[in-house]
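Could you look at this predicted model? Sequence included:
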Amino acid sequence: KQEGSSNKKTLTISLVTVLIIVVLLTCGVYYSWRRNNRLNQGGLMSRNIPTTFRRDHVQRDDSSLNGDLPIIPLIVIQQSTNYFSLSSKLGEGGFGSVYKGTLPDGTEIAAKRLSETSGQGLEEFKNEVIFIA
C-alpha cells in the first residue's frame, strides 16, 4: 500500500508542478504580448520611419486643439528628441517631462511627454498646449 500511496504522491506533485509551469508560461506570454502591443501603438516599433520632414507630415485638426496648431506625427517627434533621451530632457512639467528637439526642417521644438501618473486631465493638457503656443 505504501508504494501505491507513493505513486499517488509523485503523480500529484508532478501534476501540480506542470500546472504551475503552464500558468507561469501563459502569464509570461500574455505580459509579453501586452507589452509589445503597447509599444506598437505608441509607434516605438515602427520600421517605416520617414527620413525627411515635409510640410504634409504636419496635419491640422481643428477638432483636436486649435486650428492654428500643427499636429506632428509621434515618430517625427521621437526622432527629433532622440526618442525622448535623457540628453534631450529640459525638465519636468505638470504633465510630465519636457524634451528639446529639432525637426528635420530645422525648426526647434520643446516636446512635452504626458506622464501616465499625471493627475491632471486631458482638458487641462489641451489648455496648456494652447497657452504655450
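Perfect, I can see it now.

what about the chain, any weak spots by pLDDT?
Using pLDDT under 70 as the threshold, the predicted model of the chain has low-confidence ranges 1-4, 37-68, 118-120, 133.

And it, what are its domain boundaries?
The chain is divided into the following domains under automatic domain parsing: 1-41, 55-132.

As a markdown table, those domains with mean neighbour count would be great.
Glycine gets a C-beta too; all of them are placed from N, C-alpha and C. Output for the domains of the chain, formatted as a markdown table (neighbours: other C-beta atoms under 10 Å):
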| stretch | mean neighbour count |
| --- | --- |
| domain 1-41 | 10 |
| domain 55-132 | 13 |
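
Quick one: the strands in this protein, in order.
Secondary structure of the chain (DSSP state E): strands located at 59-60, 70-71, 89-92, 96-102, 108-114.

Give me the packing partners of the third one, helices and strands only.
With contacts defined as 3 or more C-beta pairs under 8 Å, 6 or more residues apart in numbering; DSSP states H and E, strand 89-92 has these neighbours: strand 96-102.

CA atoms of the strand it packs on as CSV?
Taking C-alpha atoms only, strand 96-102 is exported to CSV below (Å, rounded to 0.1, in the frame of the first residue of the first chain):
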residue,chain,number,x,y,z
GLY,A,96,5.4,65.1,-17.4
SER,A,97,8.9,65.6,-18.8
VAL,A,98,9.8,68.3,-21.4
TYR,A,99,12.4,67.5,-24.2
LYS,A,100,14.2,69.7,-26.7
GLY,A,101,14.4,68.6,-30.3
THR,A,102,14.9,69.8,-33.8
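
Fine, thanks again, bye for now.
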